[in-house]
Every structure is written in C-alpha cells, then in structure tokens.
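# My questions concern the predicted model and sequence given below.
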Amino acid sequence: MKLSISKNVHLVEPGDFEPTDHWYPRVLNSNIHPLVAYFLNLSHDQMVERYHRLHPSSDADAIMGILKYQPKYFRWAGTDLMHVTNHEGNRRLTVIETNSCPSGQKSMPLLDLNVEQGGYRRLIEETFKPLVNSVQEEGSLAVIYDKNPMENIGYAATIADIFGENVLLAKFEKNDQDPPAKFVENKLFIRNEKEEWTPIRAAFRYVTQEPWTRIPKNSKTLLLNPIEACLAGGRNKEVASRSYDVFNQQFRDKGIRIFTPDTYRNVSFQELPEYFEKLGGSMVIKVPDSNAGQGVYTVISENELAEAMNKVNENDVYLVQQLIHSNYSKGLDPEKAWYHVGTIPDNKGRSFAFDLRLMMHATASGIRPLAVYSRRSRFPLNQPLPENMNSWEVYGTNLSIKGEDGWTYADERLMLFDIRNFGQLGLGIDELIKGFVQSAMAVYAIDQNAIKTFGDIQSNL
Amino acid sequence: MDKKILIVEDDVVFCKLLTRFLRKNGFEVMDAQSGKDALELVNLNKFELAVLDYRLPDMTGIEILKEVKRKNPKSKIILITRYGDQDVASKAIDSGADAFISKPINPDELLQVILGFE
C-alpha cells in the first residue's frame, strides 16, 4: 500500500487485504447462520422448483430464464426488500428499491471460513474478472468511489490479489473541483504519483452521488457497473418503477410479477395533499434519485405532510407509494393494505420493522445471491408512537449517519444473518428464495430497460 | 510501546488506514481530518508523536505542530509534504519538526521513522 500517491489516490498492492479493515468488528466475530449458508448454496434448479411448488400458478421456465439471465449492463446489484403480510396472513417480500452500487460486504459473515476474502472475492473473481479479461483496452486497474471506503479498499485489495497487479484507488466526488479521475473521449484516467494521467482499462465503480455528472455513457474503460445501469433505474426510483411495470405486463401470463407497494409516479408538489387523502391519510414520498434513506419521507398525519412539503422542492415531481403499515387495523382496506411482519418480539415484547438488503451478481451460471443483511427501525411497531416523534422512527431502517465515512453506523440496528441475529427476523429459506426471485426480476427489468434505452451490447460472458 | 500518536490528514482513507496500521503495531492512535478537530484533540490529550499533513483545508500542519510542541515540548513531529516540496520541508524543520516525509507514504517506512525516535 502506498498512501496518497496523489491527492485522494492510493496505490493498493497485492497482499494488502486486511479483514479487519473491510468488515465491521461485529461481523469479524460472527458465524453465518446455517440456513443462510444453505440458501446461498442452493442451485437455480432447487430455487425454481421450490418457488414453483409454493406458487403453482407461476411459470417455472420463465423464472429459470430470469435466474439464468446474463445482464448486459446491470451485473452487480442490490435490492432493499421488506417482509410484509396482509389481513389473511399472506406473507410477501416487497421490493422497495434497487441499487446499482450496493453496500453489504462489510455486514456479511463469511460463507466459507477458508476463503478469507469472502464475498469480495466471489464478486471480483466471478463477475469482474471475466469482464476485464474480455476487453482489449490498455491501462491499469482502478476502483473509483465516493462513499463506503471500508468496502472499496477491500475491493481494491481483492482486485490486486486476483490480478496480481497494483490497483489505483481514487475518490471521485461530485463537488471536487480538481478530481483525481477524469474521462477523456470516454476513457478513464487517474492521476498518478508523478501528477500524470494514467489510462485505466477497467474500474470497479462505487460512485453514487449523481454519477451521471462525471461518468459518460459508452465508456471505453470497462466499468462495473456502467452508468447505463444507473440511468435505466439502478439509481432512479421513477425509472425503475416504470421498468417494473413493463416487466409485469410482459410476464402477466406467466404468473409472476415484481411486487412493490402501490406506486404513483410524477406527482407534483401541489398534488401531494390529494394523494395523502387518496391513500387514506398515510403515504411515502420519495425524491426519485435519492438514496441511503435521504429524500424519503413517511407521512402519517397532516403535520408530517406539512413537514415533508417544507423539506422538498416545490418545482420537482415525486414518487408516492402506499405506506407499509406498522400493524393490522380494522380501518384499513383489506384488499390493499399490507403491514410489516416485524422482528420476533424481544423479551420486552417489542417487534421492529426491518428490511433485507440482498446483493447479487451476474456469474457464468446466471444471477446469484452474494450477501444479505437486515436493518431494523429505531422504534417498535407495536407500541403507540409518542407525540412529536416522527413516523420515520418506526418505518425507517437506514443505518447511514450523516457524514458517514464508512466507519460510523448505527451498529445496534444492524441485524446480521448470523447465528445470533437471524432467528430474530422470523425468516426461513422460503422467504429468502422469494426475496431473491423478486430481486432477480427487478435486475432483469432494469437491465431490459437499459437495453431498450441504450441498445444491446455484446455480453462478455 | 505505549506512545500516543496523533495523525492529521484531510483524506479519511489515509487517516483510517494509517491509524489501523499503527494500532496493529502497538500504538495508541487518534486522528483528525481538519486543523480545527486536531487542535481540539491536542487540547484534550498529550501526544508523544504527531504525524501532520502540511496542507489541510483550514490551516497548515505547522500551526498544529506549534500547538503540540507548546503542550508537550518533548513531542516528536513528523510533517508530511508533497513530493518535491523542498520549501515546505525546510520550513517544517525550522519550525521544530523532527522529520519530514514525502507522499506517497509507505506505512512500513513511516513505522521505521517512528521507531527511530525510540
């Protein structure tokens, strides 16, 4: 490792991988839950057979086609899912968001104790490496990022080990007036120790804040993921929602659909109160290209509506979604209302809302699950919300803390899929399979949207 | 080794990687990414050694150097400069720095400099 070879650029060398630098301390000392390990090792055939058995009206071939799909643009993805139920006890995994630069490795216990680099290695070896080996470009290897240094240093160190060469780790921030990375004629260059621009043949990309402001389409440097994956829905909730609708239409006669809360797109600022009424006095307002829990407002009262409308821009348009309720209550429309299953009550009787973050990658055999963890809310579902407490405390599950540098997070709310925590979530293998099938369908939908929008490209596998 | 070390550098990755590296080598380490935060740490702690970047967003490493030395004249100071920045290096030594090192920083080489003070 050579620190600061130029401003915001470090040189990562083979042998630099240090587990303590790339996992949260809690995770280093955890053991994966056997059910989760079993799920991660299931074959596509097993998953399809099981899913079809529980959903007999679904078309097994269609599901298999999706799990074995080779994405052209969107080859590494994460979904945020919620475990919900209705008045009949019909439990589902609903897709809340799909992310083209997902975090997750630092929260995932090792699947195989003998593979020290865990999911970092699986992603780089099975997804990034085959792509890199297929391109003809000249230059070095790099990781470009604007968040989550803990995982990105891990990716850089893993790439250095697998390729046996040094990797440039460059911070590529939105507001940097003199960034250490630039694209010239769609090829990426990074500033080296001599203040010269080094050409890059392939880069692992974790640039999340309006990445389209500095990453071009049709990049000559191979990027995982390319910007097209973001533009087609991987980083815009409105575009993603449209691609889910297209998918659901396309697969209507196959008995499968991407399940999301009822969603209304392009809602103007002025229309927000109307939707609040229409949805029965509760809703979620989302800024379409927001992420990490920023720009998402849960609204359950007139006061919260006014508060949210104070925070958003009156010239923008929003995504409005049906709220996943905290509890079943008789006033809700039984045909439409969903509520959180919640964690198994603790010894104080408290049950919390939680989400699942499922990271996936495209491999030679198709889409595979890679890492999974949960985050729970701060305030329980089954206690009255104290006056003046925002409903986000009950429904919000994001762990990001403002000013997050990758080393600070709300540790007490992170639910690992390990021996200690997994049982508290009340999930079984069937839920994990359902969640994975939903996630793979979301990836398929967004990748198909990318192909439709930007054209087909030669798949590299 | 129970030396308390301060690292000041505005690049969070640099700070954290170096902090962890030095902790693994038996030191007690604190880090700051701005001059203001560094001065707060200096006021609350007594450092035997400080590794200071010269260029910080809100001040220079030499300003922090003076404060560290005022608090503990026996403190050792290593100033980090950009490659080829001879003027800064001279200024650092004149101001009481015990050593200066140029970027890029190889953590193993930095460790040797630190151990050389013992």
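Cool, the structure landed. Numbering: from 1, shown residues only, chains lettered A, B, ... in the order given.
# Can you name the residues of chain B that neighbour chain A?
Contact residues, chain B versus chain A (Cβ under 8 Å from any Cβ of the partner chain): B:9, B:11-14, B:16-18, B:20, B:80, B:83, B:103-107. All C-beta atoms are positioned from the backbone trio N, CA, C, and that covers glycine.
# which one in those is the model shakiest on?
Ranked by pLDDT, the residues of chain B next to chain A bottom out at B:Y83 (66).
# For A:P384, grab phi and psi.
A:P384 adopts backbone torsions of phi -60, psi 140, taken as degrees, to the nearest 10.
# And for it, the neighbour number?
Residues near A:P384, counting by other Cβ atoms under 10 Å in any protein chain shown, number 7.
# Next: A:I153.
26.
# Is it correct that it is in contact with B:L17?
Yes. The pair A:I153 / B:L17 is scored as a contact, 7.0 Å apart, by Cβ atoms under 8 Å.
# and the helix or strand containing A:I162 with chain B, contact?
Applying DSSP states H and E as the criterion places A:I162 in helix A:149-163. Yes. Contact of helix A:149-163 with chain B (Cβ under 8 Å from any Cβ) involves A:P149, A:I153.
# Can you select the buried ones from the residues of chain B next to chain A in PyMOL?
Burial among those is assessed by 16 or more other Cβ atoms under 10 Å in any protein chain shown; the matching PyMOL selection reads:
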select buried, chain B and resi 9+11+12+13+14+16+17+18+20+80+103+104+105+107
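# quick one, helices of the stretch 301-450 of chain A?
Ranges of helices in the stretch 301-450 of chain A, per DSSP state H, counting those that start in this stretch, are A:302-311, A:392-395, A:429-454.
# Check which residues of the longest one are buried.
By neighbour count with 16+ other Cβ under 10 Å, helix A:429-454 contains the buried residues A:431-451, A:454.
# For that helix, the averaged confidence score.
Averaged over helix A:429-454, pLDDT sits at 97.
# helices or strands up against the host helix or strand of A:E228?
Element membership for A:E228 (DSSP H and E) is helix A:227-229. Under the contact definition 3 or more Cβ pairs under 8 Å, 6 or more residues apart in numbering or on different chains; DSSP states H and E, helix A:227-229 sits against helix A:429-454.
# Excluding covalently adjacent residues, which one is nearest to A:R205?
Nearest residue to A:R205, sequence neighbours excluded (Cβ to Cβ, 6 or more residues apart in numbering or on different chains): A:L223, at 4.7 Å.
# Tell me the pLDDT of that neighbour.
pLDDT for A:L223: 97.
# Quickly list what it is bridged to.
A:L223 forms beta bridges with A:A203, as assigned by DSSP bridges.
# which stretches of chain B have low pLDDT?
Residue ranges of chain B with pLDDT under 70: B:1-2, B:83-84.
# give the contact list for A:H87.
By Cβ atoms under 8 Å, 6 or more residues apart in numbering or on different chains, the residues touching A:H87 are A:Y328, A:L332, A:P334, A:A337.
# so how many other residues sit close to the second one?
Think A:L332. 17.
# Then the third one?
Other residues near A:P334 come to 10 when the count uses other Cβ under 10 Å.
# backbone phi and psi for it, please?
Torsion angles at A:P334 (phi, psi; degrees, to the nearest 10) stand at phi -60, psi -20.
# From A:P273, how far off is it?
26 Å (Cβ to Cβ, to the nearest Å).
# next one: the second one
Computed with Cβ to Cβ, the distance linking A:L332 and A:P273 is 20 Å.
# In which helix or strand does the residue lying closest to A:G428 once chain neighbours are set aside reside?
Closest residue in space to A:G428, ignoring its immediate chain neighbours: A:L35 at 7.0 Å, by Cβ to Cβ, 6+ apart. Per DSSP H and E: A:L35 is located in helix A:34-40.
# circling back to that earlier point, make a markdown table from the helices of the stretch 301-450 of chain A and add distance to A:D176 to it.
Formatted as a markdown table, the helices of the stretch 301-450 of chain A follow (distance: least, Cβ to Cβ, whole Å):
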| stretch | distance to A:D176 |
| --- | --- |
| helix A:302-311 | 26 |
| helix A:392-395 | 31 |
| helix A:429-454 | 27 |
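# Present these as JSON lines; the columns should include distance to chain B.
Shown next, in JSON lines, are the helices of the stretch 301-450 of chain A (distance: least, Cβ to the nearest Cβ, whole Å):
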{"stretch": "helix A:302-311", "distance to chain B": "28"}
{"stretch": "helix A:392-395", "distance to chain B": "27"}
{"stretch": "helix A:429-454", "distance to chain B": "30"}
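# I'd like to know which of the ones you listed lies nearest to A:N236.
When those are compared by Cβ to Cβ, helix A:429-454 sits nearest A:N236, at 9.7 Å.
# tally of neighbours for the residue in the stretch 101-250 of chain A that chain B sits nearest to?
Chain B sits closest to A:P149 of the stretch 101-250 of chain A, with a gap of 4.8 Å, by Cβ to the nearest Cβ. Here the number of neighbours of A:P149 (other Cβ under 10 Å) works out to 26.
# in terms of contact, does it touch B:R20 like I think?
No. A:P149 lies out of contact with B:R20 (Cβ under 8 Å); the separation is 11.9 Å.
# which one of the contacts of A:H87 sits closest to chain B?
A:A337 (44.1 Å).
# ok, A:R121 touching A:I162?
Yes. Checked against Cβ under 8 Å, the pair A:R121 and A:I162 is within contact range at 7.1 Å.
# Show me the beta-bridge partners of the residue positioned nearest the centre of chain B.
Geometric centre of chain B, nearest residue: B:V51, 1.1 Å, by Cα atoms, centre = their mean. Legend: beta-bridge partners of B:V51 under DSSP bridges are B:I7, B:I78.
# Between which two of the residues of chain B next to chain A is the distance greatest?
B:R20 and B:Y83 (24.2 Å).
# surely A:D59 meets A:R257?
No. Judged on Cβ under 8 Å, A:D59 makes no contact with A:R257 at a distance of 11.7 Å.
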